[in-house]
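Visitor: next one to model:
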Amino acid sequence: MKVVIVGGVAGGATAAARIRRLDEQAEILVFERSGYISYANCGLPYYIGDVITDSEELTLQTPESFFSRFRVTMKVRHEVTAIHPEKQTVSVKDLDSGREFEESYDKLLLSPGAKPTQPQLPGTGIDKLFTLRTVEDTFRMKEYIQQNHPKSAVLAGGGFISLELAENLRSLGLDVTIVQRPRQLMNPFDPDMAAFIHGEMRVHGIKLVLGHTVEGFEEKDGGVDVLLKDEAPLHGDMVVLAIGVTPDTQLARDAGLELGIKGSIVVNERMETSAPNIYAVGDAVQVKHFVTGQDALISLAGPANKQGRIAADNICGGDSRYEGSQGSSVIQVFELTAAATGLNETNAKKAGLSVDKVVLSPMSHAGYYPGGKVLTMKVVFEKESGRLLGAQIVGREGVDKRIDVLATAIRAGMKATDLKELDLAYAPPYSSAKDPVNMAGFMIENISRGLVKQFHVEDVEGLPQDGSVTLLDARTPGEYSRGHMEGFVNIPVDELRERMGELEQEKPVYVICQSGLRSYIAVRILEGSGFDAYNFSGGFRFYDAVMNDRRLVEKAAACGKDQPA
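Guide: Residues are numbered from 1 along each chain as shown. Now for the predicted structure:
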């Protein structure tokens, strides 16, 4: 059996190694357009910022090492220019010599990945305008910085690459501005959770210009002007276009393969395309979202590697199935870690689901043990069924392990209330006897049993200020004096029973505290005394962060400037 693979990075390299492990006699030939194979896309920004200092660390394998171990022929700087399904051949061009030839296959695997989205805007050919996708892109940007010592950079786009690159350019001393049309960074997060990411970026000097449309680029004063719709341009010594990626599927289109979202390649659970003996994996393919079952594009390294393994199994006569992607991801943002899995609230509602949520602020480990850090967690679930839909966490410690627990729970089909039953490891330096994941389950159980009713950030503006409801802040007087919601009166939770006579029992009571815990206790006290009480989800800390960010984002959208906090 002769297997030809187009693309030698995540999915392609994984498939090649798996095929060899399953079939020692197979002839395996990989064509890679760039000069490198099996390189770490996710590590590229860290080479720019000198976190990774050795360029050889960016590549996990070389063509020589891959051949030595797996007897797989890796042809770098070779571009497949056409697929001929009827003949089972591909046309190939050697980019160094210019030689063109045809190569036959018994099985063909497409792993072309995705390319940086390049909108049709004026000035995209300027040499001070960069993208970051390949090792060559990285070297080009690094060389420019070393030779020209730019003082400022404008990044167009607010996804993973942009944020990682912003941090690394800032560490080199550059003034960094991020501009994009959406009013939040990082689409996997809801706007309220993205507020914490925005805050961390501002604290470290990153300027955010959100809610503005980039209309082009123009060389000026030794740098580049980023032209904005209805606003003055932003100027940078260099500009990075990082507005997302697009499936690189022109080959598949020309060969007549069935295409899906944004021109992605349609595959079945076995990673088979619409053409016989042709498989496809990675960022170029359309998948099913594990939670909704709907078609989706999810460009992440984990799914690409799993798909490569599954395609290899099936190429070798097995019957492996890909059950879908749920978009589990994590990112370092200076001293903050932000992670998400499954559906956020925004996308769950877009999918037509009836959703509820809990927001909590637990400590990363036992409060009595030194060094604990506050986490902010948002867990989304389906109202009627209690099905766990997704989660987002931001914090400075313990984020990654909690998101992995929640990702596993989603994959296992657990209900949100089942989180309370998880038997998770505990010792004071690592967690609490009631782990934050357990706490989310306890809260959701209370909601499902009707023990607590909630109100949220989006409900605050609609609360009556005419005296028809009681607005109660259950924090200490000191906390209250440092900031509180308009109209809320202060009765500390520990004084509530003695001061119950100050409240009118016929009025609903809306209660807030710093994190949501004391207000929950206050709600239970009130409910036990015949009041109709509601607990604010997330507490004043959450509300204050979201509202401060909202004001800054609205200011930026109005005037194009967002100063660091």
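Visitor: switch to C-alpha atoms for all contacts and neighbour counts from now on
Guide: Noted.
Visitor: the longest helix along the chain packs against which elements?
Guide: Taking DSSP state H as the criterion, the chain has its longest helix at helix 539-559. For helix 539-559, the elements it packs on are helix 191-203, strand 207-210, judged by 3 or more CA pairs under 8 Å, 6 or more residues apart in numbering; DSSP states H and E.
Visitor: now do that helix: everything it contacts.
Guide: Identification of contacts with helix 539-559 by CA atoms under 8 Å, 6 or more residues apart in numbering yields 183, 192-193, 195-196, 198-199, 208-212, 231, 457, 484, 512-516, 561-562.
Visitor: could I get the buried residue list for that helix?
Guide: 539-546, 549-550, 552-557 (16 or more other CA atoms under 10 Å).
Visitor: with stretch 14-28 instead?
Guide: Of the residues in stretch 14-28, 14-20, 26-28 count as buried by neighbour count, 16+ other CA under 10 Å.
Visitor: and those residues, which is closest to residue 442?
Guide: residue 14 (40.8 Å; CA to CA).
Visitor: the closest one - that's part of a helix, no?
Guide: Yes - assessed with DSSP: H, G, I helix; E, B strand; the rest coil, residue 14 lies in a helix.
Visitor: hmm, it is touching residue 308, no?
Guide: Yes - with contact defined as CA atoms under 8 Å, residue 14 reaches residue 308; the gap is 5.5 Å.
Visitor: now do the shared contacts for those two.
Guide: By CA under 8 Å, 6+ apart, residue 14 and residue 308 have no common neighbours.
Visitor: burial of residue 111, as a residue count?
Guide: Look at residue 111: counted by other CA atoms under 10 Å, it has 29 neighbours.
Visitor: any idea how far the closest residue to it other than its chain neighbours lies from residue 366?
Guide: In space, and not counting its chain neighbours, residue 111 is closest to residue 7: 4.9 Å by CA to CA, 6 or more residues apart in numbering. Remark: distance between residue 7 and residue 366 (CA to CA, to the nearest Å) = 47 Å.
Visitor: these two: who's more crowded?
Guide: residue 7 (27 against 21).
Visitor: using the three-state scheme, assign residue 79.
Guide: Residue 79 ends up strand, using three-state DSSP.
Visitor: try residue 101
Guide: With three-state DSSP as the basis, residue 101 sits in strand.
Visitor: my guess is it contacts residue 92, does it?
Guide: Yes - the criterion here is CA under 8 Å, and residue 101 meets it with residue 92 at 5.4 Å.
Visitor: pick the most buried one from the helices and strands packed on helix 539-559.
Guide: Of all these, strand 207-210 carries the top mean neighbour count, a mean of 26, counting by mean count of other CA atoms under 10 Å.
Visitor: what helices or strands is that strand leaning on?
Guide: Judged by 3+ CA pairs under 8 Å, 6+ apart, the packing partners of strand 207-210 are strand 175-180, helix 191-203, helix 539-559.
Visitor: state the paired neighbours of it in the sheet, together with their directions.
Guide: strand 175-180 (parallel) (DSSP bridges).
Visitor: picking that back up, so which of the buried residues of stretch 14-28 is the closest to residue 468?
Guide: Relative to residue 468, and with distances defined as CA to CA, the nearest of the buried residues of stretch 14-28 is residue 14, at 63.6 Å.
Visitor: so what's that closest one up against?
Guide: 305, 308-309.
Visitor: likewise residue 159?
Guide: The contact partners of residue 159, taken as CA under 8 Å, 6+ apart, are 185-187, 242-244.
Visitor: which of these are buried, as a ChimeraX select command?
Guide: Per 16+ other CA under 10 Å, the buried members of the contacts of residue 159 correspond to this ChimeraX selection:
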select :185,186,242,243,244
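Visitor: now the contacts of residue 159 as JSON lines including distance to residue 105?
Guide: Below are the contacts of residue 159 laid out as JSON lines (distance: CA to CA, whole Å):
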{"residue": "185", "distance to residue 105": "44"}
{"residue": "186", "distance to residue 105": "41"}
{"residue": "187", "distance to residue 105": "40"}
{"residue": "242", "distance to residue 105": "36"}
{"residue": "243", "distance to residue 105": "36"}
{"residue": "244", "distance to residue 105": "33"}
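Visitor: which of the contacts of residue 159 sits closest to residue 275?
Guide: Closest approach between these and residue 275, by CA to CA: residue 244, at 28.5 Å.
Visitor: fine by me, thanks again.
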